[in-house]
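Chemist: Below is the sequence, then the predicted model.
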Amino acid sequence: MERLSDVHSQHFLFVTSPLQGHVNPVLRLASRITAANPSARVTFSNAVSGHRRMFPSLASPDAELAVDGVLHAPYSDGYDEGFDPKVHDVRTFNARARDAARHSRSHVVYTFLVGWALDVARAHGVLAALYWIQPATVFAVYYHHFHGHGEAIASCANDPSRGGRVRLPGLPMLRSDALPSIVSVTSPEQPLHGALSALRDLFAGLDEHGPTVLINTFEALEQDALRAVPRLEVLAVGPVMPDDDPWSSSCTDLVKRDDDAEDHMEWLDTRAAGSVVYASFGTMLPVSKRQEVELLRGLEATTRPYLWACGGAKAKLGGGGDQEGTDGGGIVGTGRGMVVDWCDQERVLSHPAVGCFVTHCGWNSALEGITRGVPIVAVPQWTDQPTNAWLVEERAGVGVRAAVDGEGAVERDELRRRVEEVMGDGERGVEIRARVQEWMERAREALAGGGTSEKNVRAFASGL
Ligand SMILES: O=c1ccn([C@@H]2O[C@H](COP(=O)(O)OP(=O)(O)O[C@H]3O[C@H](CO)[C@@H](O)[C@H](O)[C@H]3O)[C@@H](O)[C@H]2O)c(=O)[nH]1
């Protein structure tokens, strides 16, 4: 058995799934661990399909390679050509990948769609840690869902009046629209049933083996939720997006950009400080044609310059969406806006011209907005995003949540109103802009030397 106190031989094996929203926080945590313990060895293991997309020019596509001191060693999950949730089942994926990874021997750090990595770690007698890449509040809601509160949570989530509330141990009262959408699942026919089963297995693994849980959040934001599961050792290690991140996104991106990928950065340079609305709905859910139209019309109606990264739709899981209207991108509409397929989001959010972030509220995006001091218009769609939007709007007060219609789409007038609320001269806008600066400072303090998250990363990296 490897000894945790043997700092110099520490080897951290990060195992994750081939999704952009998982790869980013994992590589960023890996970066923090090597900074905290330079003698640690770090291996990043992604499924072959993700590895190929990150390093498309490798002569031998599945070869291991070292980048900035990290060994990228892919595992086969049985879907080397790519995993398509429309066709494949998450549970099959886990079972196949478990077999493929039995050779690993390390301190294993795994994310939630690869819960099998815990079994591998146990089989080899090495330590394991779950790296939870969504908020602590979401983690605590799921924990309670599988520990005696499932019925109360599901009935609140399914309350037809949408006015229901649920009180869970250690958490503030939550309204139904602040709950992650997975907890509303009650039958195997529902689309997210597979995800609920995967979570059930994950939490059963935690009950049995009680690994450390690292969470991409910070104390000041989620103090209560971080203590809401006292049976587990839960450490806040985020938000894991340091300014000195050694992984340039050209390496971490699963979506490769075309040659004119920098046009929008030059375009941003020509815009006034705080004037541009940046919109992106992440990398997983395709944006419907109707939402695309409403979004563009709403952005036009703000009469502000805007940049929309339409999400690498072609690279989204399932290959899809109906993005014909924006293919090609470039300058659109009245000439005030620009649409790109993909951008380096952190660089865009760091640009002084950007004054508002319209986002689906994926947790990486929400944290990136906060740590770059950009106020948010949240348009949550599914899974953790409703809870993330609650944290953004009600807990931190750094943005507003837009109302969506029955199909989950935000309509043009609502979008325009919400953007104005955040960017305009009204009292609410002034307050939100001040709050986001405060939260940006708090987030950065957590990561700075002696900060709450920095201390936790250092302790974990040293095997304490
Ligand atoms: O043009 C783009 C679009 C996205 N990104 C990056 O891609 C990541 C996207 O992550 P996230 O905002 O979390 O969205 P999703 O990709 O949709 O993430 C999935 O995974 C997250 C972590 O589990 C969940 O919080 C989300 O709900 C889930 O949809 C972020 O780091 C972005 O910076 C870019 O760099 N350029």
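Modeler: Sure, I can see it.
Chemist: got the contact list for I182?
Modeler: Shown in contact with I182 (CB atoms under 8 Å, 6 or more residues apart in numbering): 142, 192, 195-196, 199, 383. C-beta: built from backbone N, CA, C; applies to glycine.
Chemist: Go again with 7 Å.
Modeler: If a contact means CB atoms under 7 Å, 6 or more residues apart in numbering, then I182 has 192, 195-196, 199, 383 as its contacts.
Chemist: Keep only those of those that are in helices.
Modeler: 195-196, 199 (DSSP state H).
Chemist: ok, those vs the ligand, which is closest?
Modeler: Within these, the smallest distance to the ligand is 10.7 Å, found for A195 (CB to the nearest ligand atom).
Chemist: Need the nearest residue in space to that closest one, chain neighbours excluded.
Modeler: I182 (5.5 Å; CB to CB, 6 or more residues apart in numbering).
Chemist: Confirm that neighbour sits in a strand?
Modeler: No: membership of I182 in a strand is not supported by DSSP: H, G, I helix; E, B strand; the rest coil, which gives helix.
Chemist: Close to the ligand: what parts of the protein are there?
Modeler: When proximity is defined by CB under 6 Å from any ligand atom, the chain lies next to the ligand at 20-21, 24, 133-134, 249, 280, 282-284, 309, 311, 342-346, 362-365, 368, 383-385.
Chemist: Recalculate using a threshold of 5 Å.
Modeler: Within the chain, the positions near the ligand by CB under 5 Å from any ligand atom are 20-21, 24, 133-134, 280, 282-284, 309, 342-343, 345, 362-365, 383-385.
Chemist: out of the residues you listed, which are buried?
Modeler: 20-21, 24, 133-134, 280, 282-284, 309, 342-343, 345, 362-365, 383-385 (16 or more other CB atoms under 10 Å).
Chemist: Give me the subset of these lying in strands.
Modeler: 280, 309 (DSSP state E).
Chemist: Okay, now the unreliable bits of the stretch 251-400 of the chain?
Modeler: 251-253, 255-261, 312-334 (pLDDT under 70).
Chemist: For it, which residue gets nearest to the ligand?
Modeler: G362 (2.3 Å).
Chemist: Tell me the spacing between the closest residue to that residue other than its chain neighbours and E431.
Modeler: Leaving out its chain neighbours, the residue that sits closest to G362 by CB to CB, 6+ apart is G282, at 4.2 Å. From G282 across to E431, the span is 27 Å (CB to CB, to the nearest Å).
Chemist: Check L415 too.
Modeler: From L415 over to E431 (counting by CB to CB), the distance is 20 Å.
Chemist: More neighbours: the two, which one.
Modeler: L415 (26 against 12; other CB atoms under 10 Å).
Chemist: doesn't V404 make contact with the more buried one?
Modeler: No: L415 lies out of contact with V404 (CB atoms under 7 Å); the separation is 10.2 Å.
Chemist: Let me know whether my guess that T43 is in a strand holds.
Modeler: Yes: assessed with three-state DSSP, T43 lies in a strand.
Chemist: What is the end-to-end distance of stretch 280-287?
Modeler: 10 Å (CA to CA, to the nearest Å).
Chemist: And that stretch, how far out from the chain middle?
Modeler: 12 Å (CA atoms, centre = their mean, to the nearest Å).
Chemist: Also stretch 371-378?
Modeler: 15 Å.
Chemist: Pull up the distance across it, start to finish.
Modeler: OK, stretch 371-378 end separation, CA to CA: 16 Å.
Chemist: And for stretch 145-156?
Modeler: The first-to-last residue distance of stretch 145-156 comes to 12 Å (CA to CA).
Chemist: Give the buried residues for it.
Modeler: 145-146, 149-150, 153-154, 156.
Chemist: Mind checking which of these land in helices?
Modeler: Those of those lying in helices (DSSP H): 150, 153-154, 156.
Chemist: Dump those residues to TSV, plus distance to A228 and pLDDT.
Modeler: Formatted as TSV, these follow (distance: CB to CB, whole Å; pLDDT from 0 to 100):
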residue	distance to A228	pLDDT
G150	16	95
I153	13	96
A154	19	95
C156	17	95
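Chemist: Strands of the stretch 151-300 of the chain, residue ranges please.
Modeler: Remark: strands assigned in the stretch 151-300 of the chain by DSSP state E, counting those that start in this stretch are 165-166, 174-175, 212-215, 234-236, 276-280.
Chemist: for the longest one, the distance to its chain's centre please.
Modeler: Offset of strand 276-280 from its chain centre (CA atoms, centre = their mean): 18 Å.
Chemist: now stretch 26-43
Modeler: With CA atoms, centre = their mean, you get 19 Å for stretch 26-43.
Chemist: And stretch 232-241, by the same measure?
Modeler: Worked out by CA atoms, centre = their mean, stretch 232-241 lies 14 Å from the chain centre.
Chemist: Give the buried residues for it.
Modeler: 232, 234-241.
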